[in-house]
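Colleague: structure of the sequence below:
(one chain, ligands or ions: 2)
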Amino acid sequence: MQEEPLIEADHLLAESAGQGGIRRVFVKTYGCQMNVYDSERMADALAGEGYRTTESPDDADLLLLNTCHIREKAAEKVYSELGRIRQLKEARAAEGRTLMVGVAGCVAQAEGQEIIRRAPIVDLVIGPQTYHRLPQAIARARSGEKVVETEYAIEDKFDHLPAPDTKIVAARGVTAFLTVQEGCDKFCTFCVVPYTRGSEVSRPVSRIVDEARRLVAGGVREITLLGQNVNAWHGVGDDGREWGLGELLYRLAQMDGLERLRYTTSHPRDMDDGLIAAHRDLEKLMPYLHLPVQSGSDNVLKAMNRRHTSEDYLRLIDRIRQARPDIALSGDFIVGFPGETEDDFEATLRLVDTVRYAQAFSFKYSPRPGTPGADRSDHVPEDVKSRRLERLQSMLRSHQQQFAEQCVGTVMDILLEKPGRKEGQLIGRSPWLQPVIVDAKSSQIGDIVRVRITRAGTNSLFADHWQDIAPIETVRSSTT
Ligand code: 5AD
Ligand code: SF4
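Modeller: Ligands and ions are numbered 1, 2, ... in the order given. Got it, this is the predicted structure:
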């Protein structure tokens, strides 16, 4: 799976316990955007059972960790978090109260029973394909059973997860994720995702459109379609023809009130003509594309089973840039894959220098048990990996900074998303996914405004001198 670097988002949910007062649930999310989305859907499943949100984590009586398994450190972080939770659980027990602990996500899927062996305080382990069974699993765990739910369910979890409630959507903000595709059949030799998320499954058009409608009805203005290989999405369209992601984007772009579309993450092999045409034609499709290449060396690409060369990738980027000249590219890189030589690494630097990414994520190769890469005998020493990573990141950082500086003095439309740190400021999002800080009233959250960029900071842009663009109706409930 194409996962973003580790992010952590805390979602606090409250459960009203019926008898005996309030029970609270704390969900901590690791890993990619799909985990953020999954955490929300778990919250939706719990909301259907009477759960509701709270502001206070301290008195949570159910803790859910939604975990990531993409790199070693991510799983280790979960185990150390469980160590801390153990103390909390013991302190609770001393007060005669219980704290239930659940582990969800890709570590749950990969490790299963092993989690309960290593961390006996865990009551419930639930893999990503079984979230619709969460309420029942919690009920079983509450009655004392140690629950491990990691079977790939035959039924589609999305058919059983409740649709997001409009009020809950509204509380989550003006941007949202929407999973359209899950799983991966590519089997890159470094990657654990085909084993943790299973094979590729696309959700049907009607379900996606329904969910997008609900999100827009709850005030969402920007939707990011998610998939481990989102551009491998396919389905039968309204016209009875087989659609690719490009056609799906055309369909969603017709929806009133939905102002911006994005998708992530893509594989270079699945960037077809229809999708490139969507970038050319759809104003609502933001000019930003996360298209990981992993390495610039053909030897390494072959060993990684990426099934394309660096030349294929560069040609593809040329075609995309022809279709949408202002598109910004983002990528993922792995340094120190087994067998990577200094020359291979230099080829990666050359590719980066040619493409000039606006944003990028780079990692040292981390052997994942069960993947072909892990079994190789020619592993690259850690210190070599570290040196290469440093060189690569310094180049990527300088390109990213140059991209931000090129924005200074330009006028762009930003979607105002949330309050800034200072009173009277809001944080918006540029078409190129950069946070933009601007003076604005909180009542303007959800508006798209035209700003002029005055300064580039390290991670965000600063803007002033702005004016409302030709009125965009604030649509809260009407959709196509
Ligand atoms: N080691 C290091 N990085 C990895 N990624 C995936 N698997 C590994 C691994 N075993 C990186 C890839 C992928 C991103 C989400 O994480 O670059 O695109
Ligand atoms: Fe992993 Fe490769 Fe599939 Fe992406 S395409 S999820 S990197 S196996």
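Colleague: ranges for the helices of the stretch 201-350 of the chain?
Modeller: Using DSSP state H, counting those that start in this stretch, the helices of the stretch 201-350 of the chain run over 205-217, 245-253, 273-281, 298-303, 310-323, 342-355.
Colleague: flag every buried residue along the last one.
Modeller: The neighbour-count check on helix 342-355 (16 or more other CB atoms under 10 Å) flags 344-345, 347-348, 351-352, 355 as buried. The C-beta positions use only the backbone N, C-alpha and C, and glycine is treated the same way.
Colleague: enumerate the residues of the stretch 151-300 of the chain near ligand 1.
Modeller: For the stretch 151-300 of the chain, the residues in contact with ligand 1 (CB under 6 Å from any ligand atom) are 190-191, 292, 294.
Colleague: filter those residues down to the ones close to ligand 2.
Modeller: Near ligand 2, judged by CB under 6 Å from any ligand atom, the entries from those are Cys191.
Colleague: so where's the stretch 1-150 of the chain uncertain?
Modeller: 1-22, 50-58 (pLDDT under 70).
Colleague: which residues in it form strands?
Modeller: Listed in chain order, the strands of the stretch 1-150 of the chain (DSSP state E, counting those that start in this stretch) span 7-16, 22-31, 51-52, 62-67, 100-104, 124-126, 147-149.
Colleague: alpha carbons only: can I get the second one in PDB?
Modeller: The C-alpha trace of strand 22-31 is given here as PDB (Å, rounded to 0.1, in the frame of the first residue of the first chain):
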ATOM      1  CA  ILE A  22     -20.900   7.300  30.500                       C
ATOM      2  CA  ARG A  23     -18.200   5.100  28.900                       C
ATOM      3  CA  ARG A  24     -15.600   6.700  26.800                       C
ATOM      4  CA  VAL A  25     -13.600   5.600  23.800                       C
ATOM      5  CA  PHE A  26     -10.300   7.000  22.700                       C
ATOM      6  CA  VAL A  27      -9.100   6.100  19.200                       C
ATOM      7  CA  LYS A  28      -5.500   6.800  18.200                       C
ATOM      8  CA  THR A  29      -4.700   6.600  14.600                       C
ATOM      9  CA  TYR A  30      -1.300   5.700  13.100                       C
ATOM     10  CA  GLY A  31      -0.200   5.600   9.500                       C
END
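Colleague: how far is it from where the chain is centred?
Modeller: For strand 22-31, the separation from the chain centroid amounts to 18 Å (computed by CA atoms, centre = their mean, to the nearest Å).
Colleague: the inter-axis angle of it versus strand 100-104?
Modeller: With axes from the mean of the first three to the mean of the last three CA atoms, to 10 degrees applied, the angle from strand 22-31 to strand 100-104 works out at 30 degrees.
Colleague: strand partners of strand 22-31, parallel vs antiparallel please.
Modeller: strand 7-16 (antiparallel), strand 62-67 (parallel) (DSSP bridges).
Colleague: now it: buried residues?
Modeller: In strand 22-31, residues buried by neighbour count (16+ other CB under 10 Å) are 23-31.
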